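*Asks:* 3D, please:
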Amino acid sequence: MAEAPVVVAVAITGSVPRKKDNPAVPIAVAEQIESTHQAFEAGATLAHIHVRNDDESPSSDPDKFAAVQEGLRRHCPGMIVQFSTGGRGRDPSQRGLSLKHRPDMASLSTGSVNFPSIVYENHATLVSDLATQMKDFGVRPEIEIFDLSHLHGAKRLVEAGLMDARPHVQFVMGVQNAMPAEEHLLDILLAELRRVLPEATWTAAGIGRNQARVMDWALARGADAVRTGLEDNIRVTKDRLAASNAELVGLAAEAVTRHGRRIATPAEARTILHLAA
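*Replies:* All right, here's what the predicted structure looks like:
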């Protein structure tokens, strides 16, 4: 895997962290564009986007998603734009409203799971509806795996003709009450992925203090991508908050180099994830 390129994804905002947790979390559209541009300059080639209301609560406003995408297209040429269809704090009927703006990619959870204080509910009908919209609008899915059964949910979508056999799959590890960040679990998940979706590309996201070690586990196993960003982790060390998304991207870039790999260019990232140039 020497010098094989790695896609660096940055999840800039998410639906949980607030300014009171870390002032660097970008909330307003202009802040999100600027923070992503800094991360792009640091090497990120995929931006995972949530938007917020003025009171910092999660939003499904398609106009906000469109405005962020417009800014990224202008300031971050070639960067992959990925909208979230995730559900925390969002009406299920509104989670797909932004897809009409045709981002390059969108996240798609294929099953329900316990989160710290809620059940993150993804009914099979909602999953199929979101997958259908993504297919209709030409949006490539990133399948969010919070549990092994979710891989089989993804396989069912392939069998139903709602997505091709080469989705991008992300294993999410370290969410309280969901899948723990334990290295042997990543091996179990990877083995099952290779069995049921052998053509898929993959990445893994570690939440909070698990971010760096999950990234190392993924890189050691030849992952196609890594994920970082203030959505998942607001700290650099236990005692210091991250100064920006760009700082976290810089740490990811160091990890990529440490594993004998290099950061993918925007064009390489699009090739790896089967996106048009």
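*Asks:* tell me the SS of residue 214?
*Replies:* Here residue 214 is helix, with the state taken from DSSP: H, G, I helix; E, B strand; the rest coil.
*Asks:* wait, doesn't residue 149 sit right on residue 109?
*Replies:* No - Residue 149 is not in contact with residue 109 according to Cβ atoms under 8 Å; the separation is 11.7 Å. For every residue, glycine as well, the C-beta is placed using N, CA and C.
*Asks:* which one's more surrounded, the two?
*Replies:* Summary of the neighbour comparison: residue 149 and residue 109, criterion other Cβ atoms under 10 Å, with residue 109 having more neighbours (29 against 13).
*Asks:* show me what the more buried one is bridged to.
*Replies:* Listed by DSSP bridges, the beta-bridge partners for residue 109 are residue 144.
*Asks:* surely it and residue 127 touch.
*Replies:* Yes - look at residue 109 against residue 127 with Cβ under 8 Å: they come within range, at 7.3 Å.
*Asks:* residue 177 contacts residue 116, correct?
*Replies:* Yes - between residue 177 and residue 116 there is a contact under Cβ under 8 Å: 6.1 Å.
*Asks:* just want the most central residue of the protein.
*Replies:* Within the chain, one residue has its C-alpha closest to the average C-alpha position: by Cα atoms, centre = their mean, that is residue 48, at 5.2 Å.
*Asks:* in its sheet, which strands sit next to the helix or strand hosting that residue, and in what direction?
*Replies:* Secondary structure here is read from DSSP states H and E; on that basis residue 48 sits in strand 46-49. Paired neighbours of strand 46-49 in the sheet (DSSP bridges): strand 5-11 (parallel), strand 80-83 (parallel).
*Asks:* now do the following helix or strand past that strand, average pLDDT.
*Replies:* Beyond strand 46-49 in the direction of the C-terminus, DSSP H and E gives the next helix or strand as strand 51-52. Across strand 51-52, pLDDT averages out at 98.
*Asks:* contacts for strand 51-52?
*Replies:* Outside strand 51-52, the residues within contact range by Cβ atoms under 8 Å, 6 or more residues apart in numbering are 13, 15, 27-29, 32, 58-61, 64-65, 68.
*Asks:* got it, and stretch 268-277?
*Replies:* For stretch 268-277, the surrounding residues in contact (Cβ under 8 Å, 6+ apart) are 5, 7, 45-46, 78, 80, 104-105, 140, 164, 166, 168, 201, 224-225, 264, 267.
*Asks:* just the buried ones from the residues you listed?
*Replies:* Buried by 16 or more other Cβ atoms under 10 Å: 5, 7, 45-46, 80, 104-105, 140, 168, 201, 224-225, 264, out of those.
*Asks:* show me which residues of the helix or strand hosting residue 31 are buried.
*Replies:* For residue 31, the element it lies in under DSSP H and E is helix 29-41. Residues of helix 29-41 classed as buried by neighbour count (16+ other Cβ under 10 Å): 29, 31-40.
*Asks:* for residue 85, state which of those is nearest.
*Replies:* Proximity of the buried residues of helix 29-41 to residue 85, judged by Cβ to Cβ, is greatest for residue 32, which lies at 17.2 Å.
*Asks:* quick one, what contacts the residue lying closest to the closest one once chain neighbours are set aside?
*Replies:* Computed as Cβ to Cβ, 6 or more residues apart in numbering, the closest residue to residue 32 that is not its neighbour in sequence is residue 26, at 4.5 Å. Contacts for residue 26 (Cβ under 8 Å, 6+ apart) come out as 12-13, 32, 34-36, 230, 245.
*Asks:* ok, now how distant is residue 26 from residue 269?
*Replies:* Between residue 26 and residue 269 the distance is 21 Å, computed by Cβ to Cβ, to the nearest Å.
*Asks:* and if you look at residue 68?
*Replies:* Note on residue 68: its distance to residue 269, by Cβ to Cβ, is 18 Å.
*Asks:* with residue 60 instead?
*Replies:* Residue 60 sits at a distance of 27 Å from residue 269 (criterion: Cβ to Cβ).
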